[in-house]
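Dropping the sequence and predicted coords here.
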Amino acid sequence: MCEPTYFGVDYSINPWMTPADWQNEHAERAKAQWGVLENTLRSTGAEITLVKAQPGLPDLVFTANAGVIHNGTAIPARFAHKERAGEEIHFTHLFQQLYADGEVDRVAMLPENITFEGAGDCIWDPRRQFFWLGYGFRSDLEAGAAVQAIMDAETHSLHLVDPRFYHLDTALCPLPDGSVIYYPGAFSGCGLGLIRSLVAPHERIELTEEDAASFAANAICMDDGTIIMSSCSEPLHAELQDRGFSQICVPLTEFIKSGGSAACLHLRADR
Ligand code: ARG
């Protein structure tokens with residue numbers, strides 16, 4: 001994770017971001033909200049490594065976009081927007097540090113012409129043992145084959161079509177029991193067909209637009225079945241409970257003003 005010391009909405013690269021509406025009090029509230037998320041993760045058993053916050057890089061807090069770490073291999077991201085490109089060097093240093101510390105076995109670079117925004121668009125499905133990839137806004141379709149070759153793991157690529165859900169992790173969250181939370185409106189017809197061909201009807205948790213816009217898909221699911229998200233409706237809460245999950249709501253409304261929530265604010269390194 002990365003502390004929100006310099007977090008703010010300084011530019012606009014997605015429809016949630018309005019720099020003119022961002023005030024100092026939002027930054028203060030963001031720090032408090034992030035602190036609750038960090039404490040919640042630690043209290044549910046997570047060990048957290050912090051990346052040093054950097055002035056001028058307000059989105060560095062969204063460490064899901066640092067890259068992806070899986071089976072001892074780290075692939076650093078390559079950002080689509082120049083506003084975030086300055087983050088790459090810091091995340092690459094982080095991965096080199098993890099390598100030096102023996103936390104990862106290798107750091108593998110993607111071919112230079114491919115953009116790829118890390119775990120924001122590349123999500124491991126713990127039940128199906130493959131990666132779901134998102135493309136269309138931030139990551140290239142070609143990232144799928146590249147990740148597949150480097151990680152030696154199956155990938156399934158989904159075309160994102162709603163600019164509000166520009167990263168896959170804003171619209172899809174596979175859970176450890178095989179259920180998948182997703183917002184149908186985020187995907188092309190082909191993408192939706194692919195999801196429905198790989199996820200059985202009883203495993204589908206389809207979000208309403210309202211839950212999707214509250215970033216309910218942008219959740220963190222701990223191995224013990226605790227799901228952490230900013231907020232959700234009563235019916236979704238009941239549905240998750242019926243499936244045996246216990247839910248913790250950590251309001252992250254200040255980060256939603258930048259187009260991110262719980263999942264975006266962390267990068268898993270334990271899979
Ligand atoms: N403001 C950031 C951006 O637009 C938010 C990133 C959210 N990260 C995520 N994994 N969805 O790039």
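Received, thanks.

Strands along this protein, start to end?
For the chain, the strands defined by DSSP state E cover 67-70, 73-76, 106-107, 122-125, 130-135, 155-159, 172-174, 180-182, 204-206, 220-221, 226-229, 246-249.

could I get those strands as JSON lines with mean neighbour count and distance to I89?
All C-beta spots, glycine's among them, are computed from the backbone N, C-alpha and C. Formatted as JSON lines, these follow (neighbours: other CB atoms under 10 Å; distance: least, CB to CB, whole Å):
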{"stretch": "strand 67-70", "mean neighbour count": "26", "distance to I89": "12"}
{"stretch": "strand 73-76", "mean neighbour count": "23", "distance to I89": "9"}
{"stretch": "strand 106-107", "mean neighbour count": "14", "distance to I89": "13"}
{"stretch": "strand 122-125", "mean neighbour count": "23", "distance to I89": "20"}
{"stretch": "strand 130-135", "mean neighbour count": "24", "distance to I89": "24"}
{"stretch": "strand 155-159", "mean neighbour count": "20", "distance to I89": "26"}
{"stretch": "strand 172-174", "mean neighbour count": "26", "distance to I89": "29"}
{"stretch": "strand 180-182", "mean neighbour count": "25", "distance to I89": "33"}
{"stretch": "strand 204-206", "mean neighbour count": "16", "distance to I89": "38"}
{"stretch": "strand 220-221", "mean neighbour count": "24", "distance to I89": "26"}
{"stretch": "strand 226-229", "mean neighbour count": "22", "distance to I89": "29"}
{"stretch": "strand 246-249", "mean neighbour count": "16", "distance to I89": "34"}
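
Just send those back as a markdown table, with distance to Q96 too.
Formatted as a markdown table, the strands of the chain follow (distance: least, CB to CB, whole Å):
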| stretch | distance to Q96 |
| --- | --- |
| strand 67-70 | 12 |
| strand 73-76 | 9 |
| strand 106-107 | 6 |
| strand 122-125 | 20 |
| strand 130-135 | 23 |
| strand 155-159 | 25 |
| strand 172-174 | 29 |
| strand 180-182 | 34 |
| strand 204-206 | 38 |
| strand 220-221 | 25 |
| strand 226-229 | 29 |
| strand 246-249 | 33 |
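
which residues touch the closest residue to A46 other than its chain neighbours?
Leaving aside its sequence neighbours, A46 sits nearest to M222 (CB to CB, 6 or more residues apart in numbering; 7.4 Å). Going by CB atoms under 8 Å, 6 or more residues apart in numbering, M222 touches T44, G45, A46, I228.

neighbour-wise, which of these leads?
In terms of neighbours by other CB atoms under 10 Å, those top out with I228 at 22 neighbours.

can you tell me how far that one sits from S258?
Distance, I228 to S258, by CB to CB, to the nearest Å: 18 Å.

if I read this right, I228 contacts V250, doesn't it?
Yes - the criterion here is CB atoms under 8 Å, and I228 meets it with V250 at 5.8 Å.

any common contacting residues for those two?
L37, T40, A262.

Show me what residue of the stretch 51-200 of the chain gets nearest to the ligand.
Residue of the stretch 51-200 of the chain nearest the ligand, by CB to the nearest ligand atom: G120 (2.9 Å).

F187 and L168 touch, don't they?
No - using CB under 8 Å, F187 makes no contact with L168, being 9.4 Å away.

Looking at these two, which one has more neighbours?
More crowded of F187 and L168, by other CB under 10 Å: L168, with 32 against 25.

Please name the residues that touch that one.
By CB under 8 Å, 6+ apart, L168 lies in contact with G120, D121, C122, I123, W132, L133, G134, L158, L160.

most neighbours, which of the shared contacts of I228 and V250?
Ranked by neighbour count (other CB under 10 Å), those have A262 at the top, with 27 neighbours.
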